[in-house]
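Trainee: Could you look at this predicted model? Sequence included:
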There are 2 protein chains.
Amino acid sequence: MTEKEKLIYAAKARVIKALAHPTRLWMVERLADGERCVCEFADDVDADFSTVSKHLALLRQAGIVEDEKRGKQVFYRLKVPCVIKFMNCVEAVIESQAKEQSALLK
Amino acid sequence: MTEKEKLIYAAKARVIKALAHPTRLWMVERLADGERCVCEFADDVDADFSTVSKHLALLRQAGIVEDEKRGKQVFYRLKVPCVIKFMNCVEAVIESQAKEQSALLK
DNA sequence: ATTATATAGGGTTATTTTGCCACGTGTGCA
DNA sequence: TGCACACGTGGCAAAATAACCCTATATAAT
């Protein structure tokens, strides 16, 4: 791994890390259906409002979502929709593992 | 987020988290070209041998790679190749951000 | 049989992440 | 003007992660 690669892979890992949290992942998938304000997420997610706000800020800093303030509310939307496609692959990984697990029991 | 969703998204996040590390990500991309033993990675990566071994074990536990022992060596290979496709999207996120950054300087 | 090599796993410490609380800011409404 | 709501931020403690060193095991070579 060259020095240049270290920088590149640190940047890539930073983006992926932003997705690597149950709540953030859930929110990103909700955004696939359209924009949402922080307050809507705060109602649905079992966490403090400030925690939700920080999760969204992290996703924004990673370049995955963008925000727009309208009146009192701030709306977030997916900036790079391709992340949603990846979920099929993640599910494939989990299903592949589930099969192995059940095979062990036979 | 329902209780069931909490479990599902915890599982998904666990898979993504396995990819969310520069070294692990680099190794996964190398495996796209074919299997490799731990010792090859240990030579290329600037980290302790045991650290590399643990990274690979984590990827295996996440269901992303699988291993096979042949002689003294253990070879790892990609179990779910679709993860590689995702890298295009991650790069798109980074490029999109890089554009914004440079736009700010103008 | 001894030795060397390839790897996994335990223990420990430093770093990072997470989540809550308390507080400050901006916006609209009464 | 005063109030309430929607957000973001700083600070702090707990939890998770990472990376090192050391040791154990298995296999091959001498």
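Mentor: That came through, no problem. Numbers count the residues shown, from 1 in each chain, chains lettered A, B, ... in the order given.
Trainee: Now A:Asn68. Nearest residue, chain neighbours left out?
Mentor: Wrong residue type there; residue A:68 is Glu, not Asn. Leaving aside its chain neighbours, A:Glu68 sits nearest to A:Phe75 (5.2 Å; criterion: Cβ to Cβ, 6 or more residues apart in numbering or on different chains). The way it works is simple: take the backbone N, C-alpha and C, and place the C-beta from them, glycine included.
Trainee: Repeat that for A:Lys69.
Mentor: Closest to A:Lys69 by Cβ to Cβ, 6+ apart is A:Phe75, at 7.7 Å.
Trainee: same check, this time on A:Leu19
Mentor: Nearest to A:Leu19 is B:Ile16, by Cβ to Cβ, 6+ apart, at 5.2 Å.
Trainee: Just after the helix or strand that that neighbour is a member of, pick out the following helix or strand.
Mentor: Here B:Ile16 sits within helix B:3-19, counting by DSSP states H and E. Using DSSP H and E, the next helix or strand after helix B:3-19 towards the C-terminus is helix B:22-31.
Trainee: got the buried residues for the helix or strand in which A:Glu66 is found?
Mentor: Per DSSP H and E, A:Glu66 falls inside strand A:65-70. Residues of strand A:65-70 classed as buried under the neighbour-count rule (16 or more other Cβ atoms under 10 Å in any protein chain shown) are A:Val65, A:Glu66, A:Asp67.
Trainee: Pull the number of nearby residues for the nearest residue to A:Lys6 once chain neighbours are set aside.
Mentor: Leaving out its chain neighbours, the residue that sits closest to A:Lys6 by Cβ to Cβ, 6+ apart is B:Pro22, at 6.6 Å. Each residue near B:Pro22 was counted by other Cβ atoms under 10 Å in any protein chain shown, and the total is 21.
Trainee: Correct me if wrong: B:Pro22 contacts A:Tyr9.
Mentor: Yes - counting by Cβ atoms under 8 Å, B:Pro22 does reach A:Tyr9; the two are 4.0 Å apart.
Trainee: To what extent is A:Ala42 buried, counted in neighbours?
Mentor: So A:Ala42, with other Cβ under 10 Å, has 16 neighbours.
Trainee: Just checking, which helix or strand succeeds the helix or strand encompassing it along the chain?
Mentor: Assigned by DSSP H and E, A:Ala42 belongs to helix A:38-44. Using DSSP H and E, the helix or strand that follows helix A:38-44 in sequence is helix A:49-61.
Trainee: what's next to that following helix, contact-wise?
Mentor: For helix A:49-61, contacts defined as Cβ atoms under 8 Å, 6 or more residues apart in numbering or on different chains pick out A:18, A:21, A:23-24, A:27-28, A:38-39, A:41-42, A:45, A:47, A:65-67, A:76.
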